[in-house]
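Undergrad: Pasted the sequence and its predicted model underneath.
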Amino acid sequence: MNRCAWLLLFLLGGCSHADADHTVLEQAHAGPLEFSVLGEGELRSTRPTPLLVPGKQWSSRQLNWMLPDGSTVEKGELVARFSADQSKQDLLEAQIDLQRNALARAGKQAELDDKNGQLDVDLIQVAAQHAIAARYANASLDAMARNDILDAVQDVHYLDVRQRILQWREDQSASRGAAELAVLDAQRNSFETLAKQKQADLEALELRAPHAGVLVLERDWSDQVPHVGGSLYAGNTFASLPDLAALEVQLSVPQIEAQGIRVGDVVQLHRWGIPAQTASSRVSWIASAAQPRSRDNPVKYLSLKTTLPADVARRYGWIPGQRFVGKIILLQAQGYSVPNMALSHDDGHDSVQVLAGNEVRTKRLKLGVRGATRTQVLDGLRSGDRILLAGKAGEAK
């Protein structure tokens with residue numbers, strides 16, 4: 001990582017203790033420093049237009065045809081065509097349910113009409129009998145025998161009760177019949193709604209581009225794009241038409257190498273496998289924590305984003321979905337650096353051990369940017385210092 005420090009690795013031949021301990025040294029020299037880490041990621045748009053699988057309420061679809069990933073499309077152009085066998089079956093079932101509902105309602109209405117007709121007949125008969133009984137109940141004792149008058153009075157009371165009962169039954173029959181018909185009407189409305197939805201599903205089997213752009217297929221949780229013959233659900237994202245004027249690359253860097261990355265760091269980008277096509281940008285966003293990229297691999301990666309100039313993308317014909325490599329520049333400066341393995345941290349101070357003759361001394365350092373293998377030294381080293389990298393320093397003299 002350090003291109004300017006002269007790494008003079010040798011065994012300390014003049015010291016018998018150092019020979020025995022296999023002490024390794026590096027001699028400090030000032031020079032140009034460059035710390036960088038590599039990340040890989042995908043080009044994407046910050047303002048994509050999602051293309052959803054047509055249909056409503058998660059109805060099942062089968063993909064019959066589609067344009068290839070990365071195709072250039074015009075406004076209104078057909079992007080994909082689907083079939084919906086399940087919706088056909090559901091529509092037929094809804095139509096059958098509607099016919100059954102119509103027959104059930106007609107039967108229930110006929111039953112209620114018959115019952116109401118019978119009650120009307122009974123009420124008419126009771127009314128006639130009541131009139132006759134009431135006539136004789138008020139007759140004079142001279143016109144009728146006493147027992148006949150008493151019987152007539154009793155008949156009036158009986159017919160009054162029966163009339164009220166028949167009227168109550170008529171009211172109850174009307175209320176109950178209205179409730180039963182309301183249930184059948186509600187079922188009919190539900191079947192009609194379902195039939196309309198399924199009919200709309202069968203009429204929404206084509207996906208067209210709302211505007212011109214480049215088709216980018218959506219990847220699922222297993223990182224697979226849609227394929228002909230696959231099953232999809234209405235409302236899910238099928239693809240997107242990105243805005244090519246707003247592009248970014250989201251890079252992933254192994255956590256162990258990501259320390260020291262900051263917003264604003266320079267990023268040198270090129271397409272994966274085509275290093276001649278390059279672009280320069282800066283880190284615009286860094287994730288708050290590193291995350292594993294798969295369940296099978298526990299290694300964590302830090303995600304970061306960098307914007308891509310639109311003119312560069314147009315020049316090289318870059319489109320979303322392409323893979324990129326990004327070189328994040330942590331430091332470009334003149335000065336000293338030391339290997340991370342040589343650093344110690346005690347009592348809040350950073351230091352290294354150096355050899356002065358055969359004597360080991362500790363030097364406190366003021367550090368700068370820390371890279372994956374080396375760290376910038378702002379103060380504390382001089383040219384020619386022999387830095388102890390490994391070995392039993394306590395026994396060296």
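TA: Perfect, I can see it now. In this text the structure is predicted, and so the values were computed from the model without any measurement. Numbering: from 1, shown residues only.

Undergrad: before we move on, which element is the residue lying closest to Leu388 once chain neighbours are set aside in?
TA: Leaving aside its chain neighbours, Leu388 sits nearest to Gln353 (4.1 Å; criterion: Cβ to Cβ, 6 or more residues apart in numbering). The C-beta positions use only the backbone N, C-alpha and C, and glycine is treated the same way. Using DSSP states H and E, Gln353 sits within strand 349-356.

Undergrad: The residue nearest to Leu388: neighbour count?
TA: Counted with other Cβ atoms under 10 Å, the neighbours of Gln353 add up to 20.

Undergrad: Tell me which other helices or strands the helix or strand just after the strand holding Gln353 touches.
TA: As assigned by DSSP H and E, the chain's next helix or strand after strand 349-356 is strand 359-370. When contacts are defined as 3 or more Cβ pairs under 8 Å, 6 or more residues apart in numbering; DSSP states H and E, strand 359-370 packs onto strand 323-339, strand 349-356, strand 374-379.

Undergrad: Which neighbouring elements make contact with the second one?
TA: Right, the one you point to is strand 349-356. Using 3+ Cβ pairs under 8 Å, 6+ apart, strand 349-356 sits against strand 344-346, strand 359-370, strand 386-390.

Undergrad: before we move on, back to that, check the gap between the residue nearest to Leu388 and Arg364 for me.
TA: 11 Å (Cβ to Cβ, to the nearest Å).

Undergrad: Same check on Val214?
TA: 56 Å.

Undergrad: So between these two, which is more surrounded?
TA: Val214 (17 against 13).

Undergrad: Go through stretch 289-305 and flag the buried ones.
TA: Ala290, Tyr301, Leu302, Ser303, Leu304, Lys305 (16 or more other Cβ atoms under 10 Å).

Undergrad: what's the closest of those to Ala186?
TA: Checking the buried residues of stretch 289-305 against Ala186 by Cβ to Cβ gives Ser303 as the nearest, at 51.8 Å.

Undergrad: Does that closest one touch Ala287 like I think?
TA: Yes. Shown here, Ser303 and Ala287 form a contact pair, counting by Cβ atoms under 8 Å, at 4.2 Å.

Undergrad: what residues are up against Thr362?
TA: Residues in contact with Thr362, defined by Cβ atoms under 8 Å, 6 or more residues apart in numbering, are Ser344, Ser351, Val352, Gln353, Val354.

Undergrad: which residues does the first one bridge with?
TA: So that's Ser344. Assessed by DSSP bridges, Ser344 has beta-bridge partners Ser351.

Undergrad: That one - how many residues pack around it?
TA: 12.

Undergrad: how near is it to Val352?
TA: 7 Å.

Undergrad: And Leu207, by the same measure?
TA: Counting by Cβ to Cβ - Leu207 and Val352 are separated by 63 Å.

Undergrad: And for Gly371?
TA: 16 Å.

Undergrad: List the residues that contact the nearest residue to Glu74 once chain neighbours are set aside.
TA: Using Cβ to Cβ, 6+ apart and skipping the chain neighbours, the partner closest in space to Glu74 is Ala212 (5.1 Å). Ala212 makes contact with Thr72, Val73, Glu74, Lys75, Leu241 under the criterion Cβ under 8 Å, 6+ apart.

Undergrad: so who does the fourth one touch?
TA: In this case it means Lys75. Ala209, Pro210, His211, Ala212.

Undergrad: which of those count as buried?
TA: Ala209.

Undergrad: I'd like the contacts of Lys75 written out as JSON lines, with secondary structure added.
TA: Output for the contacts of Lys75, formatted as JSON lines (DSSP: H, G, I helix; E, B strand; the rest coil):
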{"residue": "Ala209", "secondary structure": "coil"}
{"residue": "Pro210", "secondary structure": "coil"}
{"residue": "His211", "secondary structure": "coil"}
{"residue": "Ala212", "secondary structure": "coil"}
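
Undergrad: hmm, which two among the contacts of Lys75 are most spread apart?
TA: Spatial extent of the contacts of Lys75 (Cβ to Cβ) is set by the pair Pro210 and Ala212 at 9.4 Å.

Undergrad: and for the two, which residues touch both?
TA: In contact with both Pro210 and Ala212: Lys75, Leu241, using Cβ under 8 Å, 6+ apart.

Undergrad: Pull out the buried positions in stretch 358-371.
TA: Val360, Lys363, Leu365, Leu367, Gly368, Val369, Arg370, Gly371.

Undergrad: Let me see the contact set for the fifth one.
TA: So that's Gly368. Leu331, Ala333, Gly335, Thr375, Gln376, Val377, Leu378.

Undergrad: okay, it: pLDDT?
TA: What the model reports for Gly368 is a pLDDT of 90.
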